[in-house]
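Colleague: quick one: sequence and predicted model below, then my questions.
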Amino acid sequence: MTSPPGQPFSVEQVHAALRTVVDPEAGMNIVDLGLVYGVDVDPPAVRVLLTLTSPTCPMGDLILDEARQAITACLPDGWTQDVRLVWEPPWGPQRMSDKARAHFGWKG
């Protein structure tokens, strides 16, 4: 999933990598759950801000580790990643994609 030679690495590629990370309790990827708060691509680094649905989420370490691994696997050689856990603003179901809300039967 790395960029072809001469092509820049993109935010979309980071989102694609993060879509492979599934919250095991929700059974949905972290992008559609709205857990990705920000992605910054500043060669040769990628910075990602993630949150969890709750500060007491028992899967938090697993999700963060898998996010780091997914990003690292798609980065061009020599690039670094920095995944940070943030709590502001608090996560809420309004951050989920339409697909995720439909999956859980939530309106709006």
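Modeller: Alright, I've got the coordinates.
Colleague: what segments of this protein are helices?
Modeller: Using DSSP state H, the helices of the chain run over 11-18, 60-74, 98-104.
Colleague: could these go into a markdown table alongside distance to Pro24?
Modeller: Placement of C-beta: from N, CA and C, glycine included. Below are the helices of the chain laid out as a markdown table (distance: least, Cβ to Cβ, whole Å):
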| stretch | distance to Pro24 |
| --- | --- |
| helix 11-18 | 15 |
| helix 60-74 | 7 |
| helix 98-104 | 15 |
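Colleague: and of those helices, who's closest to Glu88?
Modeller: In terms of Cβ to Cβ, the element of the helices of the chain nearest to Glu88 is helix 60-74, at 16.1 Å.
Colleague: can you list the low-confidence ranges for this protein?
Modeller: For the chain, the stretches flagged by pLDDT under 70 are 1-7, 108.
Colleague: just confirm Val14 contacts Val48, I think it does.
Modeller: Yes: counting by Cβ atoms under 8 Å, Val48 is a contact partner of Val14 at 6.6 Å.
Colleague: shared neighbours, the two?
Modeller: Common neighbours of Val14 and Val48 (criterion: Cβ atoms under 8 Å, 6 or more residues apart in numbering): Val39, Ile71.
Colleague: for burial, what's the neighbour tally of Glu66?
Modeller: Applying other Cβ atoms under 10 Å, we find 19 residues neighbouring Glu66.
Colleague: Phe9 too?
Modeller: 19.
Colleague: my read: it touches Thr80, true?
Modeller: No: Phe9 is beyond contact range of Thr80, at 11.7 Å (criterion: Cβ under 8 Å).
Colleague: circling back to that earlier point, so which of the helices of the chain comes closest to Val39?
Modeller: Here helix 11-18 is closest among the helices of the chain (Cβ to Cβ), at 4.7 Å.
Colleague: with only the CA atoms kept, save that closest one in CSV.
Modeller: The C-alpha coordinates for helix 11-18 follow below in CSV (Å, rounded to 0.1, in the frame of the first residue of the first chain):
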residue,chain,number,x,y,z
VAL,A,11,-3.8,11.1,4.3
GLU,A,12,-6.1,8.8,2.3
GLN,A,13,-3.4,6.0,2.5
VAL,A,14,-3.2,6.4,6.2
HIS,A,15,-7.0,6.2,6.5
ALA,A,16,-7.0,3.1,4.3
ALA,A,17,-4.4,1.5,6.6
LEU,A,18,-6.4,2.4,9.7
